[in-house]
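> A predicted structure for the sequence below; I have some questions about it.
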Amino acid sequence: MRPAHALPLALCCLLVWLASGPARAGAWLRAPGDGFASMSLKIMDDDTAKTYSTFYLEYGLNPDLTGGLDIGSDETGEYKALAFVLMPLLRDELHIAFQLAAGVIDDEPALRPGISVGRGIRIFGRDGWANLDTRAIIVPKDVDLAIDATLGWTMWEETKIIWQVQHGGFVHDPDFLRAAASVVWQISPGRHIEVGATTSLSHAEDFGIQLGMWQSF
């Protein structure tokens, strides 16, 4: 199938497939008893169109522990199923949290330790946040490193803009670098929809579309 035809077809499939799903907490833990689920699908258009999807869940277990699931596929086509815990290292103006995930990636046992650093900010008198996520995906004979730098800004109540720079790749392979931007708005209490786009800065797909839904509970 030609890429020009594959991309609209994938978008149509998404409308049928999407389920409910808020944004990842990053360096902020969930309050006890609070949680969210998100479902997203990314469509990458390079030489050929390709898609990958992710289901993500977080739930506050106690003030110092958030648990969750990260299930789906990535741009390499590898399937992942990981369970994780998120623990605070610092709670001040600057928030720092440690995450440890374990499970399988492409049928191999995997560990994914990571550190998230974030803080709330004000831009033009409105609330926002900045967050840096670093992760090491460890599987037999390979280590994959990933860094996501995120800046979010509340345009008006319940509508946000999110900018992100994503870096990753295996240690012994060339890294990729992409830029992403998305708009998130509330469609009903506790439920949001996200529409975004990505573009390559280095060694990534030419163009991508991201669609998702968030659901807090």
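All right, it came through fine.
> can you give me the helices for the protein?
Assigned by DSSP state H, the helices in the chain fall at 3-17.
> quick one: the strands in it?
35-45, 49-62, 65-73, 79-91, 95-105, 108-123, 126-139, 142-156, 159-170, 176-188, 191-202, 207-216 (DSSP state E).
> Apart from its chain neighbours, what residue comes closest to Asp34?
In space, and not counting its chain neighbours, Asp34 is closest to Gly60: 4.8 Å by Cβ to Cβ, 6 or more residues apart in numbering. Backbone N, C-alpha and C define where each C-beta goes, glycine included.
> Surely the one you found and Ala31 touch.
Yes - judged on Cβ atoms under 8 Å, Gly60 makes contact with Ala31 at a distance of 5.0 Å.
> Compare the two and say which one has the larger neighbour count.
Gly60 (20 against 11; other Cβ atoms under 10 Å).
> Is that one bridged to anything, and to what?
Counting by DSSP bridges, Gly60 is bridged to Thr66.
> For this structure, give me the ranges with low pLDDT.
Scanning the chain for pLDDT under 70 picks out 1-25, 46-49, 74-77, 170-174, 205.
> Recalculate using a threshold of 80.
Counting by pLDDT under 80, the chain contains low-confidence ranges at 1-25, 44-50, 74-78, 169-176, 202-206.
> The nearest residue to Met155 once chain neighbours are set aside and Phe124, how far apart?
The spatial neighbour of Met155 that comes closest, neighbours along the chain excluded (Cβ to Cβ, 6+ apart), is Ile161 at 5.8 Å. Shown here: Ile161 relative to Phe124, a distance of 12 Å by Cβ to Cβ, to the nearest Å.
> Of all the strands of the chain, which one comes closest to Gly26?
Of all the strands of the chain, strand 126-139 sits nearest to Gly26, with 3.9 Å by Cβ to Cβ.
> For that closest one, buried residues please.
Neighbour counts over strand 126-139 (16 or more other Cβ atoms under 10 Å) mark 128-135, 137-139 as buried.
> Make TSV out of these and add distance to Gly118.
Formatted as TSV, the buried residues of strand 126-139 follow (distance: Cβ to Cβ, whole Å):
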residue	distance to Gly118
Gly128	11
Trp129	6
Ala130	6
Asn131	4
Leu132	7
Asp133	9
Thr134	12
Arg135	14
Ile137	21
Ile138	24
Val139	27
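> Among those residues, find me the one that's closest to Thr198.
Using Cβ to Cβ, the buried residues of strand 126-139 come closest to Thr198 at Asp133, 16.3 Å.
> who's in contact with that closest one?
Residues counted as contacts of Asp133 (Cβ atoms under 8 Å, 6 or more residues apart in numbering) are 26, 114-116, 146-148, 150.
> Filter the residues you listed down to just the buried residues.
Counted by 16+ other Cβ under 10 Å, the contacts of Asp133 give 26, 114, 116, 146, 148, 150 as buried.
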